[in-house]
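Could you work out the structure for the sequence below:
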Amino acid sequence: MENNTPIFDAAFAELRRLHAAATPGEWNFGSSKGGRWQVHAAGQQVAMIWHTTAHPASSTGVYIAAIHNAFPALIDRLERAEAERDELRDRVEAHWAELRGE
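As a prediction, this is how the structure comes out:
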């Protein structure tokens, strides 16, 4: 099953929309007092994460900031890979058609 179906396209479009609507700029992660950890951008708090024994805030905060910052490049890379796959598939199909004398 190919991943370039309308469902996947809609999901990626929604992810792009959500990213564009989020606080712009690079997100960073840092600690605060009393077990509170912050994700911030340009000195403004974007999110606060409470530390618990079961769910370490530092790992979650680092992940949130990292995935936000990496998202545009990841989606761009995926789109380039899908375009390359489509081009190669078209070339292979054309080659096989030529071999069959079509």
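
Can you tell me the closest non-neighbouring residue to Glu26?
Asn69 (5.5 Å; C-beta to C-beta, 6 or more residues apart in numbering). The way it works is simple: take the backbone N, C-alpha and C, and place the C-beta from them, glycine included.

what helix or strand does that neighbour sit in?
Using DSSP states H and E, Asn69 sits in helix 57-99.

name the helices or strands packed onto that helix?
Applying 3 or more C-beta pairs under 8 Å, 6 or more residues apart in numbering; DSSP states H and E, one finds that helix 57-99 contacts helix 6-21, strand 28-31, strand 36-41, strand 44-50.

buried stuff in the first one?
Going back to what we said before, that points to helix 6-21. The neighbour-count check on helix 6-21 (16 or more other C-beta atoms under 10 Å) flags Phe12 as buried.

Return the distance of the residue nearest to Glu26 relative to Ala41.
Going from Asn69 to Ala41 by C-beta to C-beta, to the nearest Å gives 10 Å.

Give me the more crowded residue out of the two.
More crowded of Asn69 and Ala41, by other C-beta atoms under 10 Å: Ala41, with 18 against 14.

Please name the nearest non-neighbouring residue to Trp27.
Trp27 sits nearest to Ala65 (C-beta to C-beta, 6+ apart), 4.2 Å away.

how many neighbours does that neighbour have?
Look at Ala65: counted by other C-beta under 10 Å, it has 21 neighbours.

Excluding covalently adjacent residues, which one is nearest to the spatially most central residue of the chain?
By C-alpha atoms, centre = their mean, the chain has its centre lying nearest to Phe71, at 3.4 Å. Once flanking residues are discounted, Phe71 sits nearest to His19: 5.3 Å by C-beta to C-beta, 6+ apart.
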